[in-house]
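Colleague: What follows is a protein structure lacking sequence information:
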């Protein structure tokens, strides 16, 4: 039965200006985690959140994470954790967000002051952190406030986990989550993360999958130092010659990965899964717009989305050690390192992928008959993640989208990774839902980052509605 | 008939310390042409040469070259030109050198102060510019002085052309040489340039050939801006994928250029030419030592030297626009520019080479069936040069080497280019000889640049002896 959410929704509308002022106050704090000088502002932003939550009656703690590795003069900003409600009869939802932001300078090309929230006539609210991730974090706080002022009982117990280092590698967070999974977070029945984006600009989405990433280096060396191509060209074997041959044997123009055995690791597409794609509101024109050209691999939406979400891809990123500047330099580089990565999907296990990559690269190199030496290794790997979109956590969110926006949400995956997702899933063993607030045009990490007023206000309604449906949803433990 | 050079040689030995002090004074002037702050020192070094030549009775002019293109606040250093002797019955030899030097800082790793000539117990004279090219330039001045003090008539008329921008692209020099070829330089019967190096450390060489260089860019672009490989990997065609394929189809591990038709442009090796190689004092160990590894393409000296001097080679230098830093970045570069160059030899005409390169690269790219766009162009080209080692200019130098060093010189080419060589040849229409003073271990452009005392003092004898043989040599106008 659909909960009666009208009083809550009306209250959100009534408080809209207050919520925008709250966002303005948050954006005004330049909590840039990458900058030493702004570290105090990151702390200030943590205090801001803690104060807001405390004022609304949550129990709040600021948990220190120690010194920053490699920058021992800097204290890591705390994880702000909070509990709002402690009713054993209610479900408990753990929500994650981050309160630090990317750097932003006027000289990068911002049209408005990046730390001064500026709302234009279309309701676009420009400011660093507006969509990534201060808007969504404040969404939870707004939802609590609107419930209180509307006199509507909060439907669940809420656990908050807000970190201050997300834009700088989430230093220390994994250990913290693992340590608290069976302590502070032990009551969580499910997890909700609002830190990604709609596929387009009109229709919300629920995200149930992320690709993993295995990043490789192929190092080829010969001479002891860089050589002059005039003096040694023709007499010395050149590492770049070898590297170009190796890097040309990894993937073709159709995106097909040429590493034997790799594609066989990919889980077959199921019939249920296929049915999710035709309804997704995405067009080839959306793709062309976002890449700024028509240089797509596929001609249809379904193939494109599948290639991006549920099939692996291989990208060659560049070469370290070779000439990379404008102009001309007649160097024979002595040691070059090719960089490429594979986006992984179910059921590609990292170790198996590594073995296949190493074997293939070695085979290709050995066939060259070069006297240079070669080494290939994985710089880092991050696992893919996929949740069941049929779990009650997703069903609740889906019903909330329908009530607030009047449409079925797009069921999406993302091609990139959000490592904290898998950390929460593994640490808590619970279903994790990605429930984005912002739209595809928000420009997180870019100049002129914005959050639309509609996304913020209706998004606040959505977060509250989601919690009400969560409270009603029958148990189905499909993960 | 061998000229009697004993009085001259003895005088050089007697003046050896004076000559070393002259080099010390020259090295002390940090005439770094690449540095704005040192421009005044470059002028000072020009004055130093002009004063020395004037004192010895030469007619000297300092010819201004105007403002430095792109750095209009800087005046280009003058070309110091001089005439010593004006006897119509004598041959006239035009000699070239440069008085500017590469930058040098203690923190680069110099063992001694770079602008403070430091002579060690082995007679190695360390200092920036000692071998490149102040030692050789002073060699001509020393030769004049020793003739005067020995009371030996100078055997030729000498024309000097000493420039101050060689280490920074010889700005303005080509125009100057072309303008003066039929004016100031009109009497020149031959040209001698002392600005390269022996093949080894024991035996002088005469250099009769240089390879040319055609430098190419292959530009491939698709998306309007760099993309995230997580979000777009698998759905967008990647310019790097295309570029790696193109760059892998240019040359193989044996140094064979894979561009159809290119090798057919190369002049066949003649029997006369073949005979020059076995006598050259060079070993595979020399090669291994200079590249710091055993990663050679060939196993024999003759093949190695031919591959380096008289056959073309192709080197891939790097990629602009891709990720080139240490670490990992998951970028799909939107536009990448591959850089490669071909060292050219007789009879490869630049235009023909360009046509073959363009056609091949386009064919390879078109076969890929990529939607990205590709453009290939020649950034710059420089022609190869080869003179006849049987011309009287070379014969004279060869006899002088035999008299001073007691050995036949190595007849060498170089794999790299010295553009002024071809400028002089084309402008004057006369034979050009490269007669190096320094040895292969001098480290021009490196830290701890040095010139051996033996090379400087015996080299001064050689320059004088060469002029005497030039005066005696019968006319044979084989260029």
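Modeller: Looks like it came in fine. All values reported here derive from a predicted model rather than from experimental measurement. Numbering: from 1, shown residues only, chains lettered A, B, ... in the order given.

Colleague: Local confidence estimate at the spatially most central residue of chain A?
Modeller: The C-alpha lying nearest the average C-alpha coordinate of chain A belongs to residue A:418 (CA atoms, centre = their mean; 3.7 Å). Residue A:418 is assigned 87 on the pLDDT scale.

Colleague: residues touching the closest residue to it other than its chain neighbours, list them.
Modeller: Spatial nearest neighbour of residue A:418, excluding adjacent residues (CB to CB, 6 or more residues apart in numbering or on different chains): residue A:210 at 5.8 Å. Placement of C-beta: from N, CA and C, glycine included. Contact analysis of residue A:210 by CB atoms under 8 Å, 6 or more residues apart in numbering or on different chains lists A:384-386, A:413-414, A:416-418, A:421-422.

Colleague: Show me what residue A:210 bridges to in the sheet.
Modeller: Beta-bridge pairing for residue A:210 (DSSP bridges): residue A:385, residue A:414.

Colleague: and it, how far is that from residue A:415?
Modeller: Note on residue A:210: its distance to residue A:415, by CB to CB, to the nearest Å, is 8 Å.

Colleague: on that earlier part again, export the contacts of residue A:210 as a markdown table, with columns for distance to residue A:375.
Modeller: Listed next are those as a markdown table, based on distance: CB to CB, whole Å:
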| residue | distance to residue A:375 |
| --- | --- |
| A:384 | 26 |
| A:385 | 30 |
| A:386 | 33 |
| A:413 | 34 |
| A:414 | 32 |
| A:416 | 28 |
| A:417 | 26 |
| A:418 | 31 |
| A:421 | 32 |
| A:422 | 29 |
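
Colleague: Which of those residues sits closest to chain B?
Modeller: Distance to chain B across the contacts of residue A:210 (CB to the nearest CB) is lowest for residue A:416, with 2.5 Å.

Colleague: Hmm, residue B:232 and the closest one touching each other?
Modeller: No - using CB atoms under 8 Å, residue A:416 is not in contact with residue B:232, being 9.4 Å away.

Colleague: List the residues that are in contact with both of those two.
Modeller: What both residue A:416 and residue B:232 touch, as defined by CB under 8 Å, 6+ apart, is an empty set.

Colleague: higher neighbour count, those two?
Modeller: residue B:232 (26 against 20; other CB atoms under 10 Å in any protein chain shown).

Colleague: show me the contacts for that one.
Modeller: With contacts defined as CB under 8 Å, 6+ apart, residue B:232 is in contact with A:290-291, A:308, A:415, B:223, B:332.

Colleague: Go again with 7 Å.
Modeller: By CB atoms under 7 Å, 6 or more residues apart in numbering or on different chains, the residues touching residue B:232 are A:291, A:415, B:332.

Colleague: likewise residue A:353?
Modeller: Contact analysis of residue A:353 by CB under 7 Å, 6+ apart lists A:214, A:262, A:342, A:344.

Colleague: quick check, it in a helix?
Modeller: Yes - under DSSP: H, G, I helix; E, B strand; the rest coil, residue A:353 falls within a helix.

Colleague: Tell me how far it lies from residue B:230.
Modeller: From residue A:353 to residue B:230 the distance is 16 Å (CB to CB).

Colleague: now the helices: where do they sit in the stretch 151-300 of chain A?
Modeller: Along the stretch 151-300 of chain A, the segments classed as helices by DSSP state H, counting those that start in this stretch run A:173-180, A:229-232, A:239-247, A:271-276, A:284-291.

Colleague: Identify the residues contacting stretch A:414-423?
Modeller: The contact list for stretch A:414-423 (CB under 7 Å, 6+ apart) reads A:96, A:170, A:173-174, A:177, A:193, A:195-196, A:207, A:210-213, A:308-309, A:343, A:382-383, A:385, A:432, A:434, B:228, B:230-234.

Colleague: among the helices of the stretch 151-300 of chain A, which is nearest residue A:393?
Modeller: In terms of CB to CB, the element of the helices of the stretch 151-300 of chain A nearest to residue A:393 is helix A:271-276, at 16.7 Å.

Colleague: Check the offset of that closest one from the chain's centre.
Modeller: Offset of helix A:271-276 from its chain centre (CA atoms, centre = their mean, to the nearest Å): 24 Å.

Colleague: name the helices or strands packed onto it?
Modeller: With contacts defined as 3 or more CB pairs under 7 Å, 6 or more residues apart in numbering or on different chains; DSSP states H and E, helix A:271-276 has no helix or strand neighbours.

Colleague: buried set for that helix?
Modeller: A:273, A:276 (16 or more other CB atoms under 10 Å in any protein chain shown).

Colleague: Report the mean per-residue pLDDT for that helix.
Modeller: For helix A:271-276, the per-residue pLDDT averages 88.

Colleague: can you list the residues that contact it?
Modeller: Outside helix A:271-276, the residues touching it (CB under 7 Å, 6+ apart) are residue A:411.

Colleague: The same query, at a cut-off of 8 Å, please.
Modeller: A:310, A:389, A:411.

Colleague: Quick check: phi and psi on the closest residue to the first one other than its chain neighbours?
Modeller: By that I understand residue A:310. Nearest in space to residue A:310, with sequence neighbours left out and distances taken as CB to CB, 6+ apart, is residue A:345 at 5.5 Å. When read as degrees, to the nearest 10, the backbone of residue A:345 gives phi -140, psi 170.

Colleague: Quick one: neighbours of residue A:345, just the number.
Modeller: Look at residue A:345: counted by other CB under 10 Å, it has 25 neighbours.

Colleague: roughly how far apart are it and residue A:326?
Modeller: Here residue A:345 is placed at a distance of 38 Å from residue A:326 (CB to CB).

Colleague: One more: residue A:403?
Modeller: 55 Å.

Colleague: If you count surrounding residues, which of the two has more?
Modeller: Each of residue A:403 and residue A:326 has its neighbours counted (other CB under 10 Å); residue A:403 has more, 18 against 10.

Colleague: Residues of the stretch 101-250 of chain A that sit close to chain B?
Modeller: Selection of the stretch 101-250 of chain A residues close to chain B by CB under 8 Å from any CB of the partner chain yields A:211, A:213, A:215, A:222-225, A:227-238, A:240-242, A:244-245, A:247-250.

Colleague: what about burial for those residues, which qualify?
Modeller: Buried members of those, scored by 16+ other CB under 10 Å, are A:211, A:213, A:215, A:222-223, A:227, A:229-238, A:240-242, A:244-245, A:247-250.

Colleague: Name the residues of stretch A:391-410 that come out as buried.
Modeller: Neighbour counts over stretch A:391-410 (16+ other CB under 10 Å) mark A:391-405, A:409-410 as buried.

Colleague: quick one: is stretch A:22-37 near chain B?
Modeller: No - using CB under 8 Å from any CB, stretch A:22-37 never reaches chain B; the gap is at least 14.6 Å.

Colleague: Compute the first-to-last residue distance for that stretch.
Modeller: Criterion CA to CA, to the nearest Å; first-to-last residue distance in stretch A:22-37 is 24 Å.

Colleague: Then stretch A:338-351?
Modeller: One end of stretch A:338-351 sits 20 Å from the other (CA to CA).

Colleague: Show me which parts of it are buried, residue by residue.
Modeller: A:338-346, A:348, A:350.

Colleague: Can you flag which of those belong to helices?
Modeller: In this view, the buried residues of stretch A:338-351 that belong to helices under DSSP state H are residue A:350.

Colleague: Report the two of the buried residues of stretch A:338-351 separated the most.
Modeller: Farthest pair in these (CB to CB) is A:338 and A:346. Separation: 27.4 Å.

Colleague: Might you name the residue of the stretch 51-200 of chain A sitting closest to chain B?
Modeller: residue A:197 (10.0 Å).

Colleague: So that residue sits against residue A:435, correct?
Modeller: No - Residue A:197 lies out of contact with residue A:435 (CB under 8 Å); the separation is 11.2 Å.
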